[in-house]
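Chemist: Sharing a model prediction with you, sequence too.
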Amino acid sequence: MQISLKIRMIVAAGALAALWIPAGCDSTGKAPPQAGPLEVAVAEIRPQRVAITTELPGRTSAYLVAEVRPQVSGIIQKRFFTEGSDVKAGDVLYQIDPATYQAAWDSAKAQLARAEANISTTRVRAERYRELVEIKAVSRQEYDDAAAALKQAEADIEGGKAAVETARINLAYTRVTAPIAGRIGKSSVTVGALVIAGQGMPLATIQQIDPVYVDVTQSSAVLLQLQKAMASGALKRDSANRARVKLLLEDGTAYPQEGALQFQDVTVDQTTGSYILRIVFPNPKRVLLPGMFVRAVLEEGVNEQALLVPQQGVSRDPKGNPVALIVDAESKVRQRVLTVVRTIGDKWLVSGGLAPGDRVIVEGVQKVRPGASVKAVPFEGARSPDARPAAPAAAKSN
């Protein structure tokens, strides 16, 4: 019993000794080190030279299209081309039976020869009567009849020449030729088929696809924004003041050739509020075919003092306004309301709310609040201040 009492007294004394250790100290009696400010990763905003581009959907169309139709009627005797091959302007495509047109040409030439043979005697008679009427050897009426006969013979000759030319043209039309150079499609008729002059169905269609058109649509509101940016000097064009255009194919690959903006339509579609841009692309390897869906990357201009912010550093306030947290010179967190224009790659193009040199919090945004003290470290994914974009990224409207 005495031993048990002694053990209880020792335990109670240890507990009393523990109560005398100051709060916040460890077993050695020393206070733990206080936690420092939170560490956040920041991206320093520096002006950059950025090519402002817009990605627009569109479709390709042939540079020239010619529907081959017969200009005379007849039976197709031969076809001289291979479907899907390239043809040159003037190449013979079909031969229509020329027999009746050859006969018409021969008949017209014979009629012309008869008229030319008859005019000799008529001209001699008119000249003789003109001399005789002066000495009153023939009546004035007889001379007038001879002069009228001469004019009639001359008119017959002119009519004969026109008939010969018409017959020659119709005979030439029996050889159906290619009006343009390009690639010809399938033939809608075979040998032995009857074709009619000016028929609605074309015999074949020829398309010139080098170069090729790309028609895209752009919003008229975007056009007004670009005009304002150009007027203010925020955007600049190259020395030739011509927009450069690149192309993305249906599978996402980049087309190797660069295009040129040919024209923009002067009328805005009332239903869509957009207008058409037509771009010409060289197509030497026939990669682009009419009707393909593509995306044109149009370079609108160059911003020499663009401010780009990583997208993960921009959030929205309850009102939906884009905001960013920055670290000021005193290492305090401040909130800024931004004016964003569009995305460029993985960054926002900012036109207001930030200034060169501001440090935007990119990582650790959820852990801090405005007014808190933080320790700023460089964001590893930030672009070097002196770097320029290796290639202009597709820009989309906000």
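Modeler: Ah, there it is. Numbers count the residues shown, from 1 in each chain.

Chemist: Which strands and helices lie in contact with the biggest helix by length in the chain?
Modeler: The helix that spans the most residues within the chain, counting by DSSP state H, is helix 99-134. Helix 99-134 is packed against helix 140-172, with contacts defined by 3 or more C-beta pairs under 8 Å, 6 or more residues apart in numbering; DSSP states H and E. The C-beta positions use only the backbone N, C-alpha and C, and glycine is treated the same way.

Chemist: List the buried residues of the helix or strand following the helix it packs on.
Modeler: Using DSSP states H and E, the helix or strand that follows helix 140-172 in sequence is strand 175-177. Using 16 or more other C-beta atoms under 10 Å as the burial criterion, the residues of strand 175-177 that qualify are 176-177.

Chemist: partners of whichever helix or strand comes after strand 175-177 in the sheet?
Modeler: Going down the chain from strand 175-177, the next helix or strand is strand 182-184, by DSSP H and E. Strand 182-184 sits in its sheet next to strand 86-87 (antiparallel), strand 204-219 (antiparallel), going by DSSP bridges.

Chemist: For the following helix or strand past strand 182-184, what is the distance to the chain centroid?
Modeler: Where DSSP H and E defines the elements, the next helix or strand beyond strand 182-184 is strand 194-195. Put simply, strand 194-195 sits 41 Å off its chain's centre (C-alpha atoms, centre = their mean, to the nearest Å).

Chemist: oh, and call the first residue 466 from now on, that's how I've got it
Modeler: Noted, 466 is the first residue going forward, which turns the last one into strand 659-660.

Chemist: which strands and helices sit next to strand 659-660?
Modeler: strand 539-544.

Chemist: Residue 665 is in contact with residue 532, correct?
Modeler: No: Residue 532 is not in contact with residue 665 according to C-beta atoms under 8 Å; the separation is 9.9 Å.

Chemist: what about these two, which has more around it?
Modeler: The neighbour comparison of residue 532 against residue 665 (other C-beta atoms under 10 Å) goes to residue 532, with 12 against 7.

Chemist: Return the residues in contact with the more buried one.
Modeler: Counting by C-beta atoms under 8 Å, 6 or more residues apart in numbering, residue 532 touches 667, 670.

Chemist: would you say it is within a helix?
Modeler: No: going by DSSP: H, G, I helix; E, B strand; the rest coil, the assignment for residue 532 is strand, not a helix.

Chemist: domains for the chain, by residue range?
Modeler: 513-527+673-862, 535-562+639-666, 564-636 (automatic domain parsing).

Chemist: all strands of the stretch 666-815 of the chain, in order?
Modeler: Counting by DSSP state E, counting those that start in this stretch, one finds strands in the stretch 666-815 of the chain at the ranges 669-684, 709-713, 724-729, 739-746, 758-775, 780-781, 787-792, 798-802, 804-809, 812-817.

Chemist: Worst mean pLDDT across the helices and strands of this protein, which element?
Modeler: Counting by mean pLDDT, DSSP states H and E, the weakest-scoring helix or strand in the chain turns out to be strand 860-862, with a mean of 41.

Chemist: Go ahead and confirm residue 536 touches residue 662.
Modeler: Yes: counting by C-beta under 8 Å, residue 536 touches residue 662, with 5.6 Å between them.

Chemist: Now render the strands paired with strand 647-649 as TSV, adding distance to residue 746.
Modeler: Output for the strands paired with strand 647-649, formatted as TSV (distance: least, C-beta to C-beta, whole Å):
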stretch	distance to residue 746
strand 551-552	19
strand 669-684	6
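
Chemist: Okay, now the unreliable bits of this protein?
Modeler: By pLDDT under 70, the weakly predicted segments of the chain are 466-501, 686-708, 846-863.

Chemist: Understood, closing this out.
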